[in-house]
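A.B. asks: Fold the following, please.
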Amino acid sequence: MNEHAHHGYTPQKAEYLRRLKLIEGQARGIARMVEEDKYCIDVLTQISAVTSALKAVSMGLLEDHLSHCVADAARKGGPEADEKLDEAMQAIRRLAK
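C.D. replies: Okay, here's the model as predicted:
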């Protein structure tokens, strides 16, 4: 995997970190709910909210990757373009599961 000094998500890095920290807090809250024997449906509702939040972050990162890393590689062509497209397809497959 080729590393870039500047990733597609870099301009939104602070926003992604903010959202991930909120998700982290939500996950801790879920653990606390289980420790406190909260109602199953309430715990499941919070798990669903965290899952949705993570999916939103992952879709944003994927979009950034496609518009930056994949687009740059496609413009250059050659084996790197094929590699980046394959990486993107693998990521999409993982997200679609």
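A.B. asks: which regions of the protein lie under the pLDDT threshold?
C.D. replies: By pLDDT under 70, the low-scoring segments of the chain are 1-5.
A.B. asks: which helix in it runs the most residues?
C.D. replies: With DSSP state H setting the assignment, residue counts place helix 40-65 as the longest helix in the chain.
A.B. asks: roughly how far apart are Ile92 and Thr51?
C.D. replies: Going from Ile92 to Thr51 by CB to CB, to the nearest Å gives 18 Å. Every C-beta, even on glycine, is put in place using the N, C-alpha and C of the backbone.
A.B. asks: just Ser58 next, same as before
C.D. replies: Taking CB to CB as the measure, Ser58 falls 10 Å from Thr51.
A.B. asks: So which residues of this structure form helices?
C.D. replies: 13-35, 40-65, 71-76, 78-96.
A.B. asks: could those be laid out in CSV, adding distance to His6 and mean neighbour count?
C.D. replies: Listed next are the helices of the chain as CSV, based on distance: least, CB to CB, whole Å; neighbours: other CB atoms under 10 Å:
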stretch, distance to His6, mean neighbour count
helix 13-35, 10, 13
helix 40-65, 11, 14
helix 71-76, 10, 14
helix 78-96, 15, 12
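A.B. asks: And the residue most central in space within the chain, how far from Lys97?
C.D. replies: Here the mean C-alpha position of the chain is nearest to the C-alpha of Ser58 (CA atoms, centre = their mean), at a distance of 2.1 Å. Remark: distance between Ser58 and Lys97 (CB to CB) = 12 Å.
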